[in-house]
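In: show me how the following folds:
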Amino acid sequence: MKEALTTILISFLAILTTPLYADMGAIVPAGGVKVEEVAQKAIIAHDGFEEIIILSTDLIASQNTPVLRLIPFPSLPEIIEVDNEIWKRLSHICEKHNLQYLTFYKGGEKEEAIKVEYQVTQGAHKITVVKVNDSEEFLEWVRSFLLQNNLPSRFQEEKLQNLVDDYLKRGINYFVLDIVDFQENRERVEPVGYIFLSRNFYYPVKISGLFENSGEVELFILSDRGEILESLIDFWPGWSGGGISSTTVLEEKDLEFLHPEIHHLLGKRGILCAFRHPRFQELQEDIIFEMPVKEIKPQKSFHFTKKN
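Out: Reported below is the predicted structural model:
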C-alpha cells in the first residue's frame with residue numbers, strides 16, 4: 001500500500017467518531033428522488049503488486065429508494081467478506097498507536113463488449129462484476145440491467161458514458177455494480193472488501209461525479225513501504241492543512257487483528273497513515289500512481305536445486 005514543520009492538529013479518536021463512508025458513483029436514484037453522498041472512508045492496503053480496498057458508505061436519500069452504485073477497477077476484483085466491527089478494530093489500532101492528524105505550514109482478438117464475470121450477494125449488497133470494452137454498449141446493457149432488477153431506467157446517460165470512456169482509455173475496464181436499498185435519510189451500509197491485481201496504487205474518485213453533492217474523503221493507507229506516503233503527498237498537495245496524519249508501524253498482530261486478508265497481503269508489518277480532504281468532488285482525477293517495488297517477494301518457499 002517531504003520535510004515540513006508539523007504540529008499536532010487534533011486527536012485521531014475524534015475523527016473516528018464520525019460515520020464511515022466510501023467512494024461509489026450512483027447511476028440510478030428513482031425519478032424525483034435526491035440521493036447525496038455525504039462523505040467517503042476507506043482502508044487501502046498495497047504491497048506493490050496487489051491491493052485491498054475496504055469500503056463502507058453513508059448516503060442521504062429524500063425517500064426510500066433502491067440505488068445502483070458503480071465502482072471501476074483496473075483488474076478483475078475478488079469480493080472479500082468484511083464485518084462491521086472492522087471500524088472499531090481500526091479505531092482501537094489508531095488509539096493504541098496514537099495516530100494523529102498533522103498541520104503543515106507552507107514553506108489481439110476483439111473481446112466481448114460486455115462480459116458478466118460473476119454475481120454475488122453479500123449481506124445487503126447484490127453485486128455484479130462486469131468487464132466493459134465499449135461504453136455505448138455498456139449504456140444499453142445498463143438499461144437492460146435496471147429493468148431486470150426493477151430499477152428506474154432513467155439515468156445520466158451522457159455523464160456516465162463520458163466517465164466510462166475515460167476509464168476505458170486508461171485501461172480500467174472492470175466495473176462493480178452494487179445494488180443496495182437505501183432508506184429515507186441517512187443509511188449506513190455494511191462494508192465490502194475488494195482485492196485485485198494492480199501495479200499502481202489506485203482509488204477511484206472521478207466516478208463520484210455521478211452524485212449531486214459531496215462530502216469528506218478519508219483514506220487509511222497501509223503499505224509495507226514508506227515511499228507510497230511521499231507519492232500520495234506529491235500527487236495531492238491538497239492533503240496538507242490538517243489532511244495528513246502522523247504515521248505508525250503496525251506489527252503482525254495488529255494486521256491480523258484488523259483483517260486476515262490485510263495480514264496475508266502485508267506480512268509481518270505495515271506502515272499506517274491517514275489522509276483526508278474536505279470535499280472529494282474537488283479531486284477531479286482518480287488517485288493512481290505506480291508503486292515503487294525494490295524487490296520481488298516470493299509467494300511461497302521454493303527449492304531451486306534438488307538435494308542429492
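In: drop to CA atoms for contacts and neighbour counts, all remaining ones
Out: Will do.
In: what are the ranges of the helices in the stretch 51-200 of the chain?
Out: 86-96, 135-148, 157-169 (DSSP state H, counting those that start in this stretch).
In: residue 261 is nearest to which of these?
Out: helix 86-96 (12.3 Å; CA to CA).
In: buried stuff in the closest one?
Out: For helix 86-96, the neighbour count (16 or more other CA atoms under 10 Å) marks 86, 87, 90, 91, 92, 93, 94 as buried.
In: how about it as PDB, C-alpha atoms only?
Out: Once side chains and other backbone atoms are set aside, the C-alpha atoms of helix 86-96 remain, and they are given as PDB (Å, rounded to 0.1, in the frame of the first residue of the first chain):
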ATOM      1  CA  ILE A  86     -13.500  -3.600  11.400                       C
ATOM      2  CA  TRP A  87     -14.100   0.100  12.000                       C
ATOM      3  CA  LYS A  88     -13.900  -0.500  15.800                       C
ATOM      4  CA  ARG A  89     -10.800  -2.500  15.300                       C
ATOM      5  CA  LEU A  90      -9.300   0.300  13.200                       C
ATOM      6  CA  SER A  91     -10.200   2.800  15.900                       C
ATOM      7  CA  HIS A  92      -8.500   0.600  18.600                       C
ATOM      8  CA  ILE A  93      -5.400   0.400  16.500                       C
ATOM      9  CA  CYS A  94      -5.300   4.100  15.900                       C
ATOM     10  CA  GLU A  95      -5.700   4.800  19.600                       C
ATOM     11  CA  LYS A  96      -3.100   2.200  20.500                       C
END
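In: quick one: mean pLDDT over that helix.
Out: Across helix 86-96, pLDDT averages out at 91.
In: stretch 171-188 too?
Out: Here stretch 171-188 scores 76 as its mean pLDDT.
In: and stretch 278-296, by the same measure?
Out: Mean per-residue pLDDT for stretch 278-296: 69.
In: got it, and stretch 230-248?
Out: Within the predicted structure, the mean pLDDT of stretch 230-248 is 74.
In: and that stretch, end to end?
Out: End-to-end distance for stretch 230-248, by CA to CA, to the nearest Å: 15 Å.
In: cool, and stretch 245-264?
Out: Its first and final residues considered, stretch 245-264 spans 25 Å by CA to CA.
In: pLDDT value on the closest residue to residue 191 other than its chain neighbours, please?
Out: For residue 191, the nearest residue in space outside its immediate sequence neighbours is residue 56; the separation is 4.1 Å by CA to CA, 6 or more residues apart in numbering. The confidence metric pLDDT takes the value 79 at residue 56.
In: wait, doesn't residue 56 sit right on residue 190?
Out: Yes. Look at residue 56 against residue 190 with CA atoms under 8 Å: they come within range, at 6.1 Å.
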